[in-house]
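Peer 1: Fold the following.
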Amino acid sequence: MKLGVVVLAAGKGKRMRSRLPKVLHQLAGRPLLGHVLDTARAIGNTRVCVVYGHGGELVRRTLADYDCTWVEQVQQLGTGHAVMQALPRMQGMDRILVLYGDVPLIQPGTLQTLMDEAAHTDLGLLTAMLGDPTGYGRIVRDGGGRVLRNVEHKDATEAELEIEEINTGFMIADRARMDDWLSRIDNRNTQREYYLTDVIALASRDGVEIATSQPQFLEEVCGINDRVQLAAQERFLQRRQAEALMRDGVTLADPARLDVRGRLYAESDVSIDVNVVIEGEVHLGEGASIGPNCLLRECDIGRGTQVLANCIIEHSSVGSGARIGPFSRLRPEVILADHVHVGNFVEIKKSQVGEGSKVNHLTYVGDARIGRGVNVGAGTITCDYDGANKHLTVIGDDAFIGSNTSLVAPVDIGAGATIGAGSVVCREAPAGKLTLTRAEQVTFDGWRRPSKK
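Peer 2: Just a heads-up that it's a prediction; the model follows:
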């Protein structure tokens, strides 16, 4: 079976009160529409067509990496009209599955169940039971349970408003029958729009048995129309992600205080403390531990490595058995080997640090290559920027850099070299020797500190 997926994403989203198109608002670090397209891709063997409208070019640019066809709905005349715009791109498809760009948490398994239930007929609907169905279209059935039609809330009678089974909008249909039904709908309703849901009554009158299925979680079919609903869906998704991590062997100090805004791959016996934020793709090796209040963005953390409290690690790689923090920052393009220590208020950028080296206190390292077993003292900085260009600092194995040292790049520190505390090193420091640049210490007798008059 060839499946065409039509994603309706043309709405303006007035209740978001934002210049940003609604489908580009972020849920767990990705646009709402991105979640839907990921689901469409997970189904497999599909041709995807996105119907866009408000903010269309921005929507297309933001999601340009997705393999889909884009169709503009110039006038927003309803959901039925939107699907009409997509159908010419669905020639050769056997079935049409309709998804929504502002309903991001629909799961592939739920859609597969719907497709399985409707495999023997020309139309299938995803419905749900709500205790308070206010605002939703109702599914009207006959005495034998056969689906007759959908009625929108604004068009429903008092008796129909009592129905608790709602239409979620998700449907799958034979492509040719869908084409026929859409050609027969009209806009004689309070909204003066072409409702996609009107095909339900047409199918019923045509004698089609309409199959239905329901989602496992109601949150899967909840649309996002304002920021309150967006926040509610964020918390639901974060809780599900946290539960999945715990089932995979990760210890979370508080599942409600972890935010995964991307993808976290964690091996067994990883522990994560409170208020940790994961962005992009992050890998945590077996037995790694992440302390409270850390931000990890696009990074790899090795086996048994400890990341202590209040650290930021972005676009970097940390080896096994290392210790980072507290209050450390690894900026992009940092590579730390095994058993490296990076401590309090240390910032490292675009540098490599060899196995067993230590950069423990109040230090800035940028554009550097540091060898094995090096000790970098407190208050050390690499002066890598001359106002126009960046330059490289190279420190050989087993070197010792005394506290409060400035290494003015480009500069080489030889293997086993020792740099005396307080030095400003501008030229090569020979291997195995002591280099220092301090001025001679002088004491002045009879000097008096100035006092206020």
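
Peer 1: Return the set of residues that bridge with residue 434.
Peer 2: When assigned by DSSP bridges, residue 434 has beta-bridge partners residue 418.

Peer 1: Tell me the spacing between it and residue 154.
Peer 2: Distance check for residue 434 against residue 154: by CB to CB, to the nearest Å, it reads 85 Å. Quick note: C-beta positions are derived from backbone N, CA and C, even for glycine.

Peer 1: Repeat that for residue 329.
Peer 2: Counting by CB to CB, the separation of residue 329 from residue 154 is 54 Å.

Peer 1: For those two, indicate the residue with more neighbours.
Peer 2: Using other CB atoms under 10 Å, the more surrounded residue of residue 329 and residue 154 is residue 329, with 21 against 10.

Peer 1: helix/strand/coil for the more buried one?
Peer 2: Assigned by DSSP: H, G, I helix; E, B strand; the rest coil, the conformation of residue 329 is strand.

Peer 1: Quick one: residues contacting it.
Peer 2: Residue 329 is in contact with 311-313, 346-348, counting by CB atoms under 8 Å, 6 or more residues apart in numbering.

Peer 1: now residue 397
Peer 2: Under the criterion of CB under 8 Å, 6+ apart, the neighbours of residue 397 are 354, 371-374, 415-416.

Peer 1: so which of these is the most crowded?
Peer 2: For those, neighbours were counted by other CB under 10 Å; the highest total belongs to residue 374, with 25 neighbours.

Peer 1: hang on, the earlier thing: which one of the contacts of residue 329 sits closest to residue 75?
Peer 2: Distance ranking of the contacts of residue 329 against residue 75, using CB to CB, places residue 312 first at 46.8 Å.

Peer 1: quick one on the thing from earlier: just the ones in helices from the contacts of residue 329, please.
Peer 2: Here DSSP state H is the test, and these give no hits in helices at all.

Peer 1: Tell me the one among those nearest to residue 21.
Peer 2: Closest to residue 21 out of the contacts of residue 329 is residue 312 (30.4 Å), distances taken as CB to CB.

Peer 1: Tell me what the closest one is bridged to.
Peer 2: residue 295, residue 329.

Peer 1: how about the contacts of residue 329 in TSV, adding neighbour count?
Peer 2: Below are those laid out as TSV (neighbours: other CB atoms under 10 Å):
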residue	neighbour count
311	23
312	21
313	29
346	25
347	19
348	29
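
Peer 1: Going by distance to residue 177, which of those wins?
Peer 2: The shortest separation between residue 177 and any of the contacts of residue 329 is 53.8 Å, and it belongs to residue 313 (by CB to CB).

Peer 1: Save the contacts of residue 397 as CSV, and put in distance to residue 194, pLDDT and secondary structure too.
Peer 2: Conversion of those to CSV gives the following (distance: CB to CB, whole Å; pLDDT from 0 to 100; DSSP: H, G, I helix; E, B strand; the rest coil):
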residue, distance to residue 194, pLDDT, secondary structure
354, 67, 98, coil
371, 70, 98, coil
372, 70, 98, coil
373, 73, 98, coil
374, 70, 98, coil
415, 76, 98, coil
416, 79, 98, coil
